[in-house]
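K.L.:
Here is a sequence together with a model predicted from it:
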Amino acid sequence: MYFFLSKFLAPFLNIANLLFFILIISYFFKKFFFKKIFRFINYSIIFLLVIFSTFPIGKKLIHTLEKKYLLTEIPNFYDNIVVLAGSEDAYTTLITNKASFNQASERLIASVMLANKKKDSKIIYLGGSGMIKKNDLNETDVAKIFFTDVGFDLKRVIFINDTRNTIENLKKLKKLNLINESDSILITSAFHMKRSLLISEKLHLDLIPYAVDFRSFTDSGRDSVVNYYQKFSITGNLESLNLYFREFLGIIAVKILM
């Protein structure tokens, strides 16, 4: 139920989409009734869209999710490296016959790096497909291509390929009964780590966070206002806000539903 509800509401979990939909509806409604109220709503949404698209507010908010995981102490001994899927572009991989990834590709790269540091460790890859209509390839298929391409021994990888979101990922991990206290590392994007650990705690899993794919620094103007101007992007600012909004709602959902 949670999965299908989240997918059905997905377009409205994008705050830019949500504001745009409200703008269109209120624009037509003001022609027929409550003209002053809907005119006020119109102007307010336009104002918000201008502010959100002009300033890196989304990146500032994402930083509140990421800042705790900037530095991570990795223990000398660990047996399992748990990596959450989400970096794989299955459809593009299917079309091009080459492994394709999004911004979160550091998840897979970091898993190999940590596994190479401890030769007797295993990677536990948690994936599947988050799409309602599944493609011929899923995230696990793309991950297998990646590990093969970089020459990593597939015998050292446990693939879970039938999960659809982070909750199902970690529930499946719990069922594997492979986790020993404090010797399992969790790899995911920094903005997603808080929600992942919250789910882990609900499931009584003890995982060491190793965050990658930090989004709050790129093109945020932290290094230079001049550089921010040079890389200024309206769509980029809205995309960051959408990312935070979706993650924030995900955290709330976990606290309420689990």
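P.N.:
Yep, that arrived.

K.L.:
Can you read off the pLDDT for the nearest residue to Ile51 once chain neighbours are set aside?
P.N.:
Excluding the flanking residues, the one nearest Ile51 by C-beta to C-beta, 6 or more residues apart in numbering is Ile57, at 7.1 Å. Glycine gets a C-beta too; all of them are placed from N, C-alpha and C. We have a pLDDT of 91 for Ile57.

K.L.:
next one: the one 10 residues further on
P.N.:
Reading off the confidence values, Lys67 has pLDDT 93.

K.L.:
quick one: contacts for it?
P.N.:
Counting by C-beta atoms under 8 Å, 6 or more residues apart in numbering, Lys67 touches Ser216.

K.L.:
Now do the same for it: helix, strand or coil?
P.N.:
helix (DSSP: H, G, I helix; E, B strand; the rest coil).

K.L.:
re earlier: ok, the residue nearest to Ile51 - how many residues close by?
P.N.:
Ile57 has 16 neighbouring residues, counting by other C-beta atoms under 10 Å.

K.L.:
Isn't it up against Leu238?
P.N.:
No. Counting by C-beta atoms under 8 Å, Ile57 does not reach Leu238; the two are 9.8 Å apart.

K.L.:
Can you name the residues that contact the residue nearest to Ile51?
P.N.:
Ile51, Asn237, Ser240, Leu241.

K.L.:
Take those residues and keep only those in helices.
P.N.:
Counting by DSSP state H, the contacts of Ile57 place Ile51, Asn237, Ser240, Leu241 in helices.

K.L.:
would you list every one of the helices in the stretch 151-258 of the chain?
P.N.:
166-176, 190-202, 225-230, 234-257 (DSSP state H, counting those that start in this stretch).

K.L.:
try the stretch 1-150 of the chain
P.N.:
In chain order, the stretch 1-150 of the chain shows helices spanning 2-8, 15-29, 35-54, 57-66, 90-96, 106-117, 139-149, with DSSP H, counting those that start in this stretch as the criterion.

K.L.:
Would you mark the buried spots in the third one?
P.N.:
When neighbours are counted by 16 or more other C-beta atoms under 10 Å, the buried residues of helix 35-54 are found to be Phe38, Ile41, Asn42, Ile45, Leu49, Phe52, Ser53.

K.L.:
what about this structure, any weak spots by pLDDT?
P.N.:
Counting by pLDDT under 70, the ranges of the chain that qualify are 1-12, 130-136, 179-182, 219-229.

K.L.:
swap the cut-off to 50 and go again
P.N.:
Within the chain, the segments meeting pLDDT under 50 span 3.

K.L.:
residue nearest the centroid of it?
P.N.:
Against the mean C-alpha coordinate of the chain, by C-alpha atoms, centre = their mean, the closest residue is His192 at 5.1 Å.

K.L.:
what about it, distance to Asp162?
P.N.:
20 Å (C-beta to C-beta, to the nearest Å).

K.L.:
and if you look at Asp79?
P.N.:
For Asp79, the distance to Asp162 equals 23 Å [C-beta to C-beta].

K.L.:
OK, contacts around Phe191?
P.N.:
Contacts for Phe191 (C-beta under 8 Å, 6+ apart) come out as Ile62, Leu65, Glu66, Asp213, Phe214, Arg215, Ser216, Leu243, Tyr244, Glu247.

K.L.:
can you check Ile123 too?
P.N.:
Contacts of Ile123 (C-beta under 8 Å, 6+ apart): Asn80, Ile81, Val83, Ser111, Val112, Ala115, Phe147, Arg156, Val157, Ile158.

K.L.:
ok, now with 10 Å
P.N.:
Counting by C-beta atoms under 10 Å, 6 or more residues apart in numbering, Ile123 touches 80-83, 108, 111-112, 114-115, 143, 147, 152-154, 156-159, 185, 187.

K.L.:
ditto for Ser105
P.N.:
The neighbours of Ser105, taking C-beta under 10 Å, 6+ apart as the test, are Gly86, Ser87, Glu88, Asp89, Ala99, Phe146, Val212, Asp213.
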